[in-house]
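Engineer: need a 3D model of the sequence below.
(one chain, ligands or ions: 2)
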Amino acid sequence: MHFGIQNILFIIALGATGFFAFKKFSSIIRNIQRGKSLDRNNNFGQRINTLVRVALGQSKMVTRPIAGVMHIFVYVGFVVINLEILEIITDGILGTHRAFNFLGPIYNILINSFEILAVLVILGCVVFLARRNVVKLKRLNMKELLGWPRNDANIILTIEILLMSAFLTMNAADWYLSTQMNEWPHIIKNFHIEHYAHSGVQKEAFLISPWLSGWMPNNLTYVMYIERFCWWFHIIGVFGFILYLPNSKHLHILFSFPNVFYSNLEEKGKFTNLESVTNEVKAMFDPSFVPPTDGTPGRFGAKDVEDLTWKQLLDAYTCTECGRCTSSCPANQTGKLLSPRKIMMDTRDRLEEIGKGIDKDGNDFKDEKSLLHDYISPEELWACTSCNACVQACPVNIDPLSIIIDLRRYLVMEESAPPSALANVFANIENNGAPWQFSPVDRLNWATED
Ligand code: SF4
Ligand code: SF4
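Structural biologist: Numbering: from 1, shown residues only. Ligands and ions are numbered 1, 2, ... in the order given. A predicted model of the protein is given here:
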């Protein structure tokens, strides 16, 4: 163990990362809590089953095999290699070197698995980058991805490749050092790195590193600098990744689990009743009925993000922008303006806008904008056939249709602005009690003899 200036710097970086990450995640949770209440605590067993199948088992990802398998590499690699971070943090705080080496054979298995997974993660990221930038897959190059969303995807894939490369290079340098150091006692003395030589890193603990170490320089001092540089690069990269995550679509690596757990378990196509409408009807039939109220006037449908439920807002933060929903959407395929992915991206952008306003002006923040009209147009909404293909395709059980329906309800009931084709239907229902343009008295004419 050798506690020094490096460890002090590490503890400062760790504390700063924890502080800023806590701040950002708290504001995201606050934003989600601005949504309307919704009880999704029923059917615990079925929810766990869905979580295991869809989130952990990636069952909807593998319906597209290439992306599915590559995503499993990156996902498993990300989860498992993060165990290595625990060791790095322990070393960083205590000044130890490879603190978990005491695990012996288990450590060997872990390190070898990490190294294999790191190579698979690099492979997955390279394939993903190629699909976006070389093959230019249509769903990954649509207009809603222009600018920041495309850069976001490229940035994070590049960061992952760099982190995994640093991890492998660090191991290679470490392996080289542990096999050579006893022959270089003056370096140990000059750099006070006895803990390296005596860390007892087992040669068989590395599978890929011995091969990579062939590229190490002969001078052991340089190798030591390479190991330190990669160690710092890796951990600072991880800290940067943690701070970057809440501002990126890659938030799904955390949010997809709760989002899938709280999925809508009802049959697809079953619409919810609006409580505000139910209360109106009850009040019409029973003048003594007093609707429950929280002090705000009830709204029919949704105009802005705060009219949506917390689950719809969690959906928006969980969206990976993969576009599977949009590529399955019949409206989009036939050239309509609608893209369910854009509905989710707009919802998140609007919520973030309100969140930033609250950070600045407090809870009373108000602006003149709304999700409907400023972000999503009626033309997009009315292009939806409510087929549920987007809901079925989403690998993390997001429900763009529910947002579309709620915004439409507002258009119809609060703005009286249905599309003209529906206006006739509504008029018929009002006058004839049916969508058709026939008088109710003629309804049974079809059954007469002549
Ligand atoms: S429900 Fe609407 S948005 Fe979703 S796939 Fe069908 S048409 Fe597209
Ligand atoms: S809603 Fe689901 S399918 Fe659509 S882009 Fe987001 S994560 Fe992908």
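Engineer: near ligand 2, which residues of the stretch 51-200 of the chain?
Structural biologist: Contact residues, the stretch 51-200 of the chain versus ligand 2 (C-beta under 6 Å from any ligand atom): none. For the C-beta atoms, the positions are set from N, CA and C on the backbone; glycine is no exception.
Engineer: low-confidence stretches in the stretch 51-200 of the chain?
Structural biologist: 181-200 (pLDDT under 70).
Engineer: show me where the stretch 351-450 of the chain has helices.
Structural biologist: For the stretch 351-450 of the chain, applying DSSP state H, counting those that start in this stretch gives helices covering 378-382, 389-393, 400-413, 420-432.
Engineer: residue ranges of each domain in this protein, please.
Structural biologist: Domain assignment for the chain by automatic domain parsing gives 5-33+64-260, 272-417.
Engineer: chain center to the longest one, what's the gap?
Structural biologist: So the one you mean is domain 5-33+64-260. Its chain's C-alpha centre lies 20 Å from the corresponding centre of domain 5-33+64-260 when counted by C-alpha atoms, centre = their mean, to the nearest Å.
Engineer: that domain: end-to-end distance?
Structural biologist: With C-alpha to C-alpha, to the nearest Å as the measure, the ends of domain 5-33+64-260 fall 44 Å from one another.
Engineer: go on, the last one?
Structural biologist: The separation between the terminal residues of domain 272-417, taken as C-alpha to C-alpha, is 21 Å.
Engineer: so is that domain next to ligand 2?
Structural biologist: Yes: with C-beta under 6 Å from any ligand atom as the criterion, ligand 2 is reached by domain 272-417 at 319-325, 340-341, 344, 393-394, 396, 398, 400.
Engineer: looking only at pLDDT, what's the mean for that domain?
Structural biologist: Confidence over domain 272-417 (mean pLDDT, whole number) is 92.
Engineer: and that domain, anywhere near ligand 1?
Structural biologist: Yes: using C-beta under 6 Å from any ligand atom as the criterion, contacts between domain 272-417 and ligand 1 involve 328-331, 338, 340, 384-390, 400-401.
Engineer: neighbour-wise, which one of these leads?
Structural biologist: Each of the residues of domain 272-417 next to ligand 1 was scored by neighbours using other C-beta atoms under 10 Å; the highest score is residue 340's, at 30 neighbours.
Engineer: pretty sure that one sits against residue 329.
Structural biologist: Yes: with contact defined as C-beta atoms under 8 Å, residue 340 reaches residue 329; the gap is 5.6 Å.
Engineer: re earlier: turn the helices of the stretch 351-450 of the chain into a markdown table, columns for distance to residue 54.
Structural biologist: Shown next, in a markdown table, are these (distance: least, C-beta to C-beta, whole Å):
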| stretch | distance to residue 54 |
| --- | --- |
| helix 378-382 | 27 |
| helix 389-393 | 12 |
| helix 400-413 | 17 |
| helix 420-432 | 35 |
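Engineer: out of the ones you listed, nearest to residue 175?
Structural biologist: Among these, helix 389-393 comes nearest to residue 175, with 44.7 Å by C-beta to C-beta.
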